[in-house]
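1. could you work out the structure for the sequence below:
(3 chains)
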Amino acid sequence: MTISNLVLLLVGTLMYTTPLLFAALGGVISELSGVMNIGLEGIMTFGAFTAAAVSFFSGNPFLGFFAAGLAGALLISLHAVASITFRADQTISGTAINFLGAGISVLLTKKFFHTSTSPSAPKLPSVFPKWITHHFERTTFQTLKSISIATLLAFIFVYLLYFILYKTSWGLRILATGEHPAAVDTLGISVPKVRYFCVLASGMLAGFGGAFVSISVTSSFSSIVICGQGFIALAAMIFGKWTPHGAMLSCLLFGFARECTTLFEKEGGLIPPSLLETLPYILTLMALILFVGKSAMPKADGIPYI
Amino acid sequence: MNKRDFHKKFIPIALALVGGFFVGGIFLAICGYNPISSYTAMIEGIFSRPKYIAQVIIKSTPLILTGLSVAFAFKCGLFNIGAEGQYMIGVMTATLVGTKLSLPPVVHFVVLLLLAAAAAGVWGAIAGLLKVRLGINEVVTSIMLNWIAFYLYRYIFAMPWLHVKELDASLAIQETGRSTILQGFKNTAEGRAIMANNSALSDILKTDLNFGIFVAILVIIFISYLLNTTTKGFEFRAMGINQEASRFVGMNVSWNMTLAMFIAGAIAGLAGILQVTGIYPYRMTNLAGFEGYGNEGIYIALVANCSPIGCLFSGLFFSAIKCGSTTMQSKVGTPSEIIKIITGLIIFFIAISFAYKLLIAKMKQRKESRCKGDDK
Amino acid sequence: MVGIQKSFGRHHVLKNIDFSVEKGTIHALLGENGAGKSTLMNILYGLHKQDSGDIFINGELVEIKSPKVAIEHKIGMVHQHFMLVPTFTVAQNIMLGSELTKGLGIVDFKKANREISRLSEEYGQTVNTKKKIEDMAVGMQQRVEILKALYRGAETLILDEPTAVLTPQEIKKFIENMRNLARSGKTIIMITHKLNEVKQMCDYCTVIRRGENVVTVHVDDYSEQQLASMMVGKELTFGIEKKPANPKEIKLEVQNLLVSDDRGVKRVDGVSFEVRAGEILGIAGVDENGQQELVEAITCLRKVTSGRIKINGKEIQNTSIANVIKSGIATIPEDRQKSGLVMTFSVAENILLKGYKGRPFSKYGRMNKSEINKFASRLTQKFDVRPKDCAELPVKKLSGGNQQKVVIARETSTDPDLLIAIQPTRGLDVGAIGYVHKILIEQRDKGKAVLLISLELDEIMDVADRIAVIYNGKIAAIVDAAKTSEAEIGMLMTGGGKK
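-> Below is the predicted model of the structure:
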């Protein structure tokens, strides 16, 4: 394996990891406050669409990226209202979000662009400024320039979330709300307020994840760009034991496995590609079987509080 | 079920359906499509020709069955999000048995049906077993298993002994293994003559007529019978409502859970089997992504309130609006994706049906206090 | 605080109650289960809203809309089920909601630990602030709850059944602590139905009965017996009529049993006893002394570390629940809604939850609804389950007492050799309690062995023939119910020796 292959492996791993990481962090914050979020997939889809459309019309990928966060928060507010105020079954309302996200995104694509794929939109820039990437040209490190700035942002969010959850009073309240909402209530803190905040933040993060797919990995939106990544993020969150750093590690593991399969396919190995592609999923399944007990889940996760 | 219970369950669902279409209509209007002409075109696309009606029934089979699979799992206290994978395993195994095995008519189909349903059942039981033995959430394992099934499907599909390059499809299932009706007859001279004289019949015969729907109805009857009159069904229902109590009275909850997931898997597999044996071209096709039957099963089960017979109607209903939406798109240009939005809205309204209950409770209270006021 | 008064609307949980507490005193709020004590205090703490009536604090009319307002008025409450986050440390739990921060919401854990340690020493409630709640004994957790209130500057402390979960030593220490707090000027309201504790620690006592307040008295002026009759509303006739026991062969034999809890802590430590046909063995003890683990081991819900459990001479430990049931053990569980009943099933289905497999109720795996309903109607009539003809009604529509009757009907209908009853009268009204006791004695007279586990000493004294006292996972002594006294049992339960 050459160095340029290793670099490629790193770049590819980060590329696959980033959208999952955004969404998984969204899952973490929502579920730690006690609201299950099975709707990540729909939010990501909607985020991907919004980012592509806004980036296309405004010509500014950053605007697209943040619009996607906003759109995610907007869509998930339905889930928040259902599960917090109306005490709905959170699995059901999450499923509704998945349908709405997919439906609205494709419908609007057809409305705006009259096809099922949006036109090519400006992409988010590289994490390295031009004068650095300039030096990479025609070296083994040339692929490094395709690391997106949003990837950096995702890892910053890991730290930020970690800090908020475990070092600040806000975090203390969020964690307590997910573990023992009645205790929080009796101390005069509003359980719904904490949960609304967390669910909306979750929508924003998952929206970012979707945006990354449509304006960094690819440059357009179609109905298949997200293709189950929201559910993988959900699994990564569980595998990461509902912590930001755990989610990061499991997303990296997953991204790594994905990139390995891509590389092996190129090289053409003994194992047929489609079997190889099951690797990330089998790996996750094995990891679940070997390492995960049922204990890590927040005690009040998924249970409406009256 | 007495009348009041029925109303209690039916009204929120009816409200959700109405609400879904209403809000969906508003959404259409905002997007610049005329909701009334769109919905009219949709209804025309369902009822205006015999062919359309036949189409609705034919396309409802996989929906009814995946819905039933999810509903049955729900009744047992399990969430079967893995119907998608089980469906694919069903299609795959059915194709293998249908192409590679040569047996007399009827026998071939029955063998194919049993083997493929068993394979899909085992696929479902894996998630059940992992939950029971290791306490891993069946939702996560099912998501993983869906993807593994997907790539396994693509792997088998690409095998040189199955793949037909020119069509980019697998070999076709032998006629002995198909579930079609009158497809042979259609092409005989006699058939052609009859079709020429009878336009309605010829219209219907042009569709992929098959007996899948009857199999689905048989399965519904079987599951209803299982749940409502057998001791095993009694255990399943008890487990679905209160696992701890079931364990406490000595029922083998672990085994029952695995078995329930096996049954749910087999039903979802059946959806795939009937699809590949009943619908032209009777081959595995190249899949770029999930077909979505698994997810559709979830809402069909929800709208049916998890009743097996309810799944029949809810499956027909959604098949109808799906078929209607294709006509709508081609006739008035409204994107068929509005169906997804309406479906999402319906699920959403079902989810917040607690709010209806709150509303009703409040109204009652108001009435009571008014009555009291009259007394004074 | 002067003059709290409120009444409740629809459910009539509280009917026009007056309640006032003097500063710096310990005031007991005495009443039976369901008398409305907790509701009253939840209103004071802002968890419920009263329909009418006013609350005055220091003579000032206040409206307590939420716990936040209650905290602002320096009221603190320790709930019966602790409001502590198990995965948090002591310090995190105490400061939750009013955290010490360095600005920007960043928690100053060092300062918080220091602050809380200081506070805990000031009130003589020493705790390790860095320890996690889930690793602490119940008594310590209660301290944390009290500190939580004091940290918020509470002047008035409401304690809901504070001693129910404590061991005898902890109770002693607890009483001492409360005394100290009162001396330092705090006001303490204690919800309880334990008379001896009222006598031991309280200055005043308000008795509530069925949502109406009966009287407020100076504790020293009244005897326990007098307080008790005020609480129940009639002269107490505790004794239940029963013939002397006629014990026969050994049905259940427990030998040197060792059982650990989920975290691997040894909870049952070398327990041996036997129960004979035709007798009721009562297991008395303060909560959390190993009763739960003992019963779970006998019913195979929990693995046994070592030792033997024999029913009719056959070993059953570490087999399966199904095997235990087959061997002839029936159990009336502690929490009927959680583990005894399938709430949306009909009464008939619940009654047959165990026997559905046998004939005539099912044949070749097919259930016979009419036989089941017939059988269920017969049992509901026999056990007087109300409303009449309820066999096809969902069991959730029945009252608590009637639900318990359904469980008892099922468990006795299998004709067991041994009937285990765990807290069988918890949350029931007086009439239903008497009925349950009668059934247990009836079963005994039919020649069944009965094992009764209860936290209510009165219940054990009334119903059991022999009493095994469990303390700290060991059987302190087994005594004859007719020849013992509450005082003796009380001593044994609290770790004291036999006199």
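2. what about the strands in chain B?
-> B:163-164, B:169-170 (DSSP state E).
3. point out the most buried one among those strands.
-> Neighbour counts (mean count of other Cβ atoms under 10 Å in any protein chain shown) averaged over each of the strands of chain B peak at strand B:169-170, with a mean of 22. For every residue, glycine as well, the C-beta is placed using N, CA and C.
4. which residue sits closest to residue B:217, ignoring its sequence neighbours?
-> residue B:312 (6.8 Å; Cβ to Cβ, 6 or more residues apart in numbering or on different chains).
5. distance of residue C:18 relative to residue C:27?
-> Distance, residue C:18 to residue C:27, by Cβ to Cβ, to the nearest Å: 13 Å.
6. these two - which one has more neighbours?
-> The residue with more neighbours, out of residue C:18 and residue C:27, is residue C:27; 24 against 12, by other Cβ atoms under 10 Å in any protein chain shown.
7. pretty sure the more buried one contacts residue C:198?
-> No - judged on Cβ atoms under 8 Å, residue C:27 makes no contact with residue C:198 at a distance of 9.9 Å.
8. identify the contacts common to the two.
-> Here residue C:27 and residue C:198 share the contacting residues C:190, C:205, scored by Cβ atoms under 8 Å, 6 or more residues apart in numbering or on different chains.
9. mean confidence score for stretch C:135-150?
-> Average pLDDT, stretch C:135-150: 86.
10. cool, stretch A:148-156 as well?
-> 95.
11. ok now that stretch, how far from the chain's centre?
-> Distance of stretch A:148-156 from the chain centroid (Cα atoms, centre = their mean, to the nearest Å) equals 12 Å.
12. what's next to it, contact-wise?
-> Contacts of stretch A:148-156 (Cβ under 8 Å, 6+ apart): A:14-15, A:17-18, A:21-22, A:25, A:65, A:123-127, A:208, A:211-212, A:216, A:248.
13. and the residues you listed, which of them are in strands?
-> Checked against DSSP E, the contacts of stretch A:148-156 include nothing in strands.
14. what's the end-to-end length of stretch C:28-44?
-> Start-to-end span of stretch C:28-44 (Cα to Cα, to the nearest Å) is 15 Å.
15. okay, now the unreliable bits of the chain?
-> All of this is about chain A. By pLDDT under 70, the low-scoring segments of chain A are A:1, A:268-271, A:291-296, A:306.
16. wait, chain B was what I had in mind.
-> For chain B (pLDDT under 70), the answer is B:1-5, B:354-376.
17. before we move on, what about the stretch 251-400 of chain C?
-> Looking at the stretch 251-400 of chain C by pLDDT under 70, you get an empty list.
18. and the strands in it?
-> For the stretch 251-400 of chain C, the strands defined by DSSP state E, counting those that start in this stretch occupy C:266-276, C:280-284, C:306-311, C:314-315, C:329-332, C:362-363, C:366-367.
19. show me what the second one is in contact with.
-> Read it as strand C:280-284. With Cβ under 8 Å, 6+ apart, strand C:280-284 has contacts from C:245, C:273, C:275, C:291, C:294, C:440-441, C:444, C:449-454, C:457, C:459-460, C:463-470, C:478, C:481, C:489, C:492-493.
20. the strands of chain B: which one's closest to residue B:348?
-> Among those, the nearest to residue B:348 by Cβ to Cβ is strand B:169-170 (37.8 Å).
21. how far away from the center of its chain is stretch B:73-91?
-> 10 Å.
22. wait, does it contact chain C?
-> No - counting by Cβ under 8 Å from any Cβ of the partner chain, chain C is not contacted by stretch B:73-91; separation bottoms out at 11.1 Å.
23. what about that stretch, start to end distance?
-> 21 Å.
24. touching chain A at all, that stretch?
-> Yes - Stretch B:73-91 is in contact with chain A by Cβ under 8 Å from any Cβ, via residue B:79.
25. coming back round to it: out of the contacts of strand C:280-284, list just those in strands.
-> Using DSSP E, the contacts of strand C:280-284 in strands are C:273, C:275, C:449-454, C:466-470, C:478.
26. show me how to select, in PyMOL, the buried members of those.
-> Buried residues among the ones in strands among the contacts of strand C:280-284 (16 or more other Cβ atoms under 10 Å in any protein chain shown), as a PyMOL selection:
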select buried, chain C and resi 273+275+449+450+451+452+453+454+466+467+468+469+470+478
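27. columns distance to residue B:318 on top of the ones in strands among the contacts of strand C:280-284, output as CSV?
-> Formatted as CSV, those follow (distance: Cβ to Cβ, whole Å):
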residue, distance to residue B:318
C:273, 62
C:275, 60
C:449, 59
C:450, 57
C:451, 56
C:452, 56
C:453, 53
C:454, 55
C:466, 66
C:467, 65
C:468, 63
C:469, 64
C:470, 60
C:478, 67
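28. can you list the ones in strands among the contacts of strand C:280-284 in a markdown table and add distance to chain A?
-> Putting those into a markdown table (distance: Cβ to the nearest Cβ, whole Å) gives the following:
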| residue | distance to chain A |
| --- | --- |
| C:273 | 35 |
| C:275 | 36 |
| C:449 | 37 |
| C:450 | 36 |
| C:451 | 32 |
| C:452 | 32 |
| C:453 | 27 |
| C:454 | 27 |
| C:466 | 41 |
| C:467 | 37 |
| C:468 | 35 |
| C:469 | 34 |
| C:470 | 29 |
| C:478 | 39 |
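29. among the ones in strands among the contacts of strand C:280-284, which two are most distant?
-> The widest separation within the ones in strands among the contacts of strand C:280-284 (Cβ to Cβ) is 19.0 Å, between C:449 and C:469.
30. which residue of chain A sits farthest from its center?
-> Relative to the centre of chain A, the most outlying C-alpha is that of residue A:186, 33.9 Å out, by Cα atoms, centre = their mean.
31. check contacts around residue 28.
-> This is for chain A. By Cβ under 8 Å, 6+ apart, the contact list for residue A:28 reads A:161, A:237, A:240, A:242, A:243, A:244, A:247.
32. my question was about chain B, not that one.
-> B:34, B:35, B:38, B:334, B:338.
33. go with 6 Å
-> B:35, B:38 (Cβ atoms under 6 Å, 6 or more residues apart in numbering or on different chains).
34. try residue B:149
-> Contacts for residue B:149 (Cβ under 6 Å, 6+ apart) come out as B:85, B:88, B:89.
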